[in-house]
Each structure stands twice: as C-alpha cells, then as structure tokens.
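# sequence first, predicted model second:
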Amino acid sequence: DADAFVSGLTFDYPEVIRPALQIHHTAPGLARAAGVYIMIVEEKVFLFTDATVNIDPSAEDLADIAILAADYARKIELDPHVAFLSFSNFGSTPHPLSTKVSKAVQIVKSRRPDLLVDGEMQADTAVEPSIVEERYPFSAVKDANVLVFPSLESANIAYKLLARLGNAKAIGPILLGVGAPVHVLQTGDDVNAIVQIASVAVMDAMGR
C-alpha cells in the first residue's frame, strides 16, 4: 500500500478531494477537514485557512478549522498566534457575519485554552502589532501568524492576490484533518509546487 497520495494536476480540486474524503473520511476525533496555505512574506511565515475546503463555515466550523491550523503550525515548529479575521474589530461593526466570527473565537477559547487566539479583527489589526498596542491593548494576539478567514472565498482571494501582487511565496494547499496522508495539487501546478506538496505528503505520512 502507498504511504501517501498526491493527485490533482489535471483535475479540478473538488473532483479529487471529494472521493478522498468519501474513502478516508476525517481523522479520528475530527469533525471536518480544512485546507491551509503557508505564505512566506519577506521571510515571515503565515498560515492562511481555509482557502480550499469549507465554503461557508459556521462558527463551529471556523473553530474546528482554527484548531486544525494551530496544531499544524506547531507541527512545523511555528508558535501559533491565531487571529480570526473579519471586517470588524472586536465588535466595532455589529453584524451577523462578524458575530459568527466572534462566536468562533469563544468556542476555541473554551475548547483549547492552550491556544493564543483572538478576534474578530480586521486583517491589518491582525498583522500590525502597533495597531493592537495603540487601540486594542486587551487583545491576546498582537502579531498573528495563523489567519483564519471567515469564508473560503475570502481566504482564496487573499492568498492569490498576495502571491501575485505581493510577491509572497505560497506553499499549498495543505490538506488537514483527513484520515490518510492525502494532498491535492492545484490544476497546472509547476514542478516546484508538485515537489513541495509531495514533501508535505511525506512529512504527513511520517507524522502519523
């Protein structure tokens, strides 16, 4: 039997991930899978999630996604500082969408008090420590490196714009929470991207 599986170069992402989840399901104890991108911006490492799997996540879904990403950060020796992103800063713009994100923060804090997590917050608040220090000194997260987006749409747009216009290096998508080391390429990935995902798959298999 193969120790890991990499596919998707000539298929659309859903065509590969759907049967993978039907066969292998999620890992024991996990309710869902999620996708994460490692984004390297001027030698600083961020994790963007979920850009590939959960289209319109609920508060509970966002909490699961954040925990998956934070645990993965620790696996790659990145101390996770988790920010839940929104168009609102800590209740500044009351709306069902921002309230959903705020609820997700509370769920994570309750389930995983070992994690450094806060939100909801705007993207610049999450990554610019001076904003937090000046305006939101109560925040537990002052320099986030794990960014939890409110939807797949927002995460996907953000990572692609940053990679194309901001000259960031994107590694992924890295599939988290699946019951086997399954990883899916993006259609048309170049050789470098294929090697990166193959390396991720090997590390995943070795860590199980």
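Sure thing, it's come through.

# OK, contacts around the closest residue to T93 other than its chain neighbours?
Excluding the flanking residues, the one nearest T93 by CB to CB, 6 or more residues apart in numbering is F87, at 6.2 Å. For glycine as for every other residue, the C-beta is placed from the backbone atoms N, C-alpha and C. With contacts defined as CB atoms under 8 Å, 6 or more residues apart in numbering, F87 is in contact with T93, H95, L97, S98, Q122.

# tell me which of these fall in helices.
Cross-referencing the contacts of F87 against helices under DSSP state H gives L97, S98.

# just the buried subset of the contacts of F87, please.
S98, Q122 (16 or more other CB atoms under 10 Å).

# the spatially most central residue of the chain and P19, how far apart?
The centroid of the chain falls nearest to T49 when counting by CA atoms, centre = their mean (2.0 Å). Using CB to CB, to the nearest Å, T49 is found at 22 Å from P19.

# and whichever strand or helix holds L68, what's buried?
L68 is part of helix 59-75, with elements assigned from DSSP states H and E. Within helix 59-75, the residues that qualify as buried by neighbour count (16+ other CB under 10 Å) are 59, 61-70, 72-73.

# poorly predicted segments of the chain, please.
Applying pLDDT under 70 to the chain flags the ranges 8, 10.

# can you do 90?
Applying pLDDT under 90 to the chain flags the ranges 1-32, 42-43, 52, 119, 164, 166-167, 171-173, 175, 177-208.

# tell me where the chain has helices.
Secondary structure of the chain by DSSP H: the helices cover 13-24, 59-75, 96-111, 123-127, 129-135, 152-165, 191-206.

# right, so those: which one is the most enclosed?
Mean neighbour count, computed with mean count of other CB atoms under 10 Å, is highest for helix 59-75 among the helices of the chain, reaching a mean of 22.
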